[in-house]
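Trainee: what follows is a predicted protein model with its sequence.
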Amino acid sequence: MDSNPVKDKLKRGEPSIGTWSTTGDPAAVEIMARQTELDWINIDFEHNPIDVSTAVNCLRASEGSGKPLFARIPWNDKVWIKRILDIGFMGIVVPDVKNPEEAEAAVQAAKYRPRGIRGIGSSRGQLVFGPDYYANANDMTLVVIMIEDPVAVDCIDDIMQVPGVDVCFIGPNDLANMMDLPTGMDNQAPTHIEAVQKVVDAGKRNGIATGIHTGSGEEAARRIKQGMQWFPIGSDARMLKMGVDGQLAAMKAGLAGEAVATNGAESGGTFY
Ligand code: 3PY
Ligand code: MG
């Protein structure tokens, strides 16, 4: 793979929907990567006990699927960005970028000269992507800047105009927290809705893909209709929990003699 199919899709103006791995478990990543309608998986190093030597096995587990893996790093830090890209991630998600200077620092860390300062030394990059890795990496690498503070919304056009920023992606919980609002996915507070819409509108003006972390397929459909192009549905841990909760609720309803919604889960088949 010497180009990034997710970047290609975004350039064509199409939505590219993936999910998060908060477990960092290669088996979970393998199952999700084989879901043909998910375009990518993002491993979340920001809030979870995942280390780089585990994550490289997530990359190996997903390889046969042809799906790019991205990584949310713990902070906007050039050392993290270098190590993550060097082991073969095809993009970075950078938390809480507050202004164009911070966006510029993230892009510089992610790109080789002349655009950036990334150092030479990706053995796995060359192994997996081939001997032209250094020539192709700048084009291939997706840079996702997270908008999680109203100060970033106030300068969103300037952030989007930093060359090399591909996506501005909203963290709904941190944004709510920084606005002194109750947290939660699919936030319905009017001021939160207004801030999210400002980011979407700026994305359209500047030709930059936007997104928000969604909690369900139902929200994902609404966000696509709103004009968003790049975002995850939940995470492996969230979907596992929702699956368990849903099936236990169905069992209880069945025992109580109520109609049971299967919610897409098939009871036949041999996948278990
Ligand atoms: C948030 O909601 O703050 C997030 O970072 C989600 O990814
Ligand atoms: Mg956040």
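Mentor: The structure has been received and is ready for your questions. Ligands and ions are numbered 1, 2, ... in the order given.
Trainee: residue contacts, the residue in the stretch 101-250 of the chain positioned nearest to ligand 1?
Mentor: In the stretch 101-250 of the chain, no residue comes nearer to ligand 1 than G171, which is 2.7 Å away by C-beta to the nearest ligand atom. Just so you know, the C-beta spots here come from the backbone N, C-alpha and C atoms, and that holds for glycine as well. Each residue near G171 by C-beta atoms under 8 Å, 6 or more residues apart in numbering is listed here: P95, D96, M146, I147, E148, H213.
Trainee: could the residues you listed go into JSON lines alongside pLDDT and secondary structure?
Mentor: As requested, the contacts of G171 are exported to JSON lines (pLDDT from 0 to 100; DSSP: H, G, I helix; E, B strand; the rest coil):
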{"residue": "P95", "pLDDT": "98", "secondary structure": "coil"}
{"residue": "D96", "pLDDT": "98", "secondary structure": "coil"}
{"residue": "M146", "pLDDT": "99", "secondary structure": "strand"}
{"residue": "I147", "pLDDT": "99", "secondary structure": "strand"}
{"residue": "E148", "pLDDT": "98", "secondary structure": "coil"}
{"residue": "H213", "pLDDT": "98", "secondary structure": "coil"}
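Trainee: could you identify which of those residues has the most neighbours?
Mentor: Neighbour count (other C-beta atoms under 10 Å) singles out I147 as the most crowded of the contacts of G171, with 28 neighbours.
Trainee: hmm, L175 and that one touching each other?
Mentor: Yes. Counting by C-beta atoms under 8 Å, I147 touches L175, with 6.9 Å between them.
Trainee: can you check which residues contact both of the two?
Mentor: Joint contacts of I147 and L175 (C-beta under 8 Å, 6+ apart) are V153.
Trainee: how many neighbouring residues does N4 have?
Mentor: Quick note: N4 (other C-beta under 10 Å) scores 20 neighbours.
Trainee: go on, I31?
Mentor: Around I31 there are 14 residues (other C-beta under 10 Å).
Trainee: what comes up buried for the strand or helix carrying it?
Mentor: Per DSSP states H and E: I31 is located in helix 26-33. Neighbour-count burial for helix 26-33, counted by 16 or more other C-beta atoms under 10 Å, picks out P26, A28, V29, E30, M32, A33.
Trainee: and it, average pLDDT?
Mentor: Across helix 26-33, the average pLDDT comes to 97.
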